[in-house]
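Trainee: Okay, structure incoming, though there's no sequence with it:
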């Protein structure tokens, strides 16, 4: 029995031990010793984010031990925010670069870390309670890996609450994973064994320093997850389930993938394309399993492209592109939260709230729209690929066409 448990969390070889070895830790040790790369957890940008934006916890279930953790930025009068859901190994702060980027441009952003839900129904009910707490009309959901699968399932059960979906390295069927339906064995594994599976993930030899830094950062996040959190996420990821896309076809969906080494196989990506034939596609040449950490500029640009289609509508996530009448009616200056230290005085807060009520002058609109146009052109130029590269990425690899891994 012990050998079976170890084989589940190994690298695919049933005879291989699962505990970290010197060879497995070598990529991360080399990264830490490299003088040319800065670890994400040690970067001033990440430390500044954690120092300015509070991590809040909220319990909405009957079981008080289950609490959501979230970062919230941006003007609260926006009733259709962008909500981020992390992957199986992630926490609420893994999207800190997207949260800051969008909040600085007037978007309301919530990065939420879900508690230990063991069933899909439990997760959907919990997320619905969270959105009701924030008093939002609809949301734009960004989901990465498992977070993308959870976002699709939530939209399947609650399509009226979803304004759009942004799926990053996501999947639509859990049966693609190597050890699906092995949940009873997962429950027997101790917490150190569960963590070691994620921490010892191999990094490709040709990966650049940004991808290695992202993998190191995500491995450090695993140590902060409790055994209940790990068991719950693995249970959701390894329980056989799939998305029924019939009720999602009317939604605006963007599917973002990377064309370098990724935990999900090419056949899994093609299956997701088939689920949403009319979805927009955002392709990155490189990025690894965590492009929002290794390629934040490109991901941020694709997010702006995705959200700009809702400008000047009731689904706008940015205060600068909201309908003026709707924004004035819903505005509550007591609920507006600013995270910049320069806006602490009540006089300044009142002035900013008054400016949000007044419609911006035409010149300001023209400048904002022009900035977005330049951003879109820059993202398109950075993501331009040759037809040969696209063709090679679309062909399933014979080595991993039927096997995916958890990230």
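Mentor: Now that the structure is in, tell me what you want to look at. Model, not experiment: these values are computed from the prediction.
Trainee: Helix, strand, or coil at residue 69?
Mentor: strand (DSSP: H, G, I helix; E, B strand; the rest coil).
Trainee: nearest spatial neighbour of it, skipping sequence neighbours?
Mentor: Spatially, and ignoring its direct neighbours in sequence, residue 69 is nearest to residue 113 (4.2 Å; CB to CB, 6 or more residues apart in numbering). C-betas here are computed from N, CA, C, even on glycine.
Trainee: and that neighbour, how many neighbours?
Mentor: 24 (other CB atoms under 10 Å).
Trainee: Next: residue 258.
Mentor: Residue 258 - counted by other CB under 10 Å - has 25 other residues nearby.
Trainee: Hmm, it is touching residue 291, no?
Mentor: Yes: between residue 258 and residue 291 there is a contact under CB atoms under 8 Å: 5.5 Å.
Trainee: any common contacting residues for these two?
Mentor: 169, 284 (CB atoms under 8 Å, 6 or more residues apart in numbering).
Trainee: quick one: contacts for the residue nearest to residue 69?
Mentor: 68-70, 86, 90-92.
Trainee: gap between it and residue 255?
Mentor: 23 Å (CB to CB, to the nearest Å).
Trainee: What of residue 62?
Mentor: In terms of CB to CB, residue 62 sits 36 Å off from residue 255.
Trainee: With neighbour numbers in mind, choose between those two.
Mentor: residue 255 (21 against 6).
Trainee: Now the more buried one: which helix or strand?
Mentor: strand 252-258 (DSSP states H and E).
Trainee: which helices and strands does that strand pack with?
Mentor: Contacts defined by 3 or more CB pairs under 8 Å, 6 or more residues apart in numbering; DSSP states H and E place strand 252-258 against strand 162-168, helix 266-275, strand 280-284, helix 296-308.
Trainee: Where does the prediction get shaky in the stretch 1-150 of the chain?
Mentor: Applying pLDDT under 70 to the stretch 1-150 of the chain flags the ranges 1-37.
Trainee: just curious, which of the contacts of residue 113 is nearest to residue 164?
Mentor: residue 86 (18.6 Å; CB to CB).
Trainee: show me where the stretch 51-200 of the chain has helices.
Mentor: 96-104, 120-134, 146-157, 183-186, 191-199 (DSSP state H, counting those that start in this stretch).
Trainee: taking the ones you listed together, which one is wrapped up most tightly?
Mentor: For the helices of the stretch 51-200 of the chain, average neighbour numbers computed from mean count of other CB atoms under 10 Å are highest in helix 146-157, which has a mean of 24.
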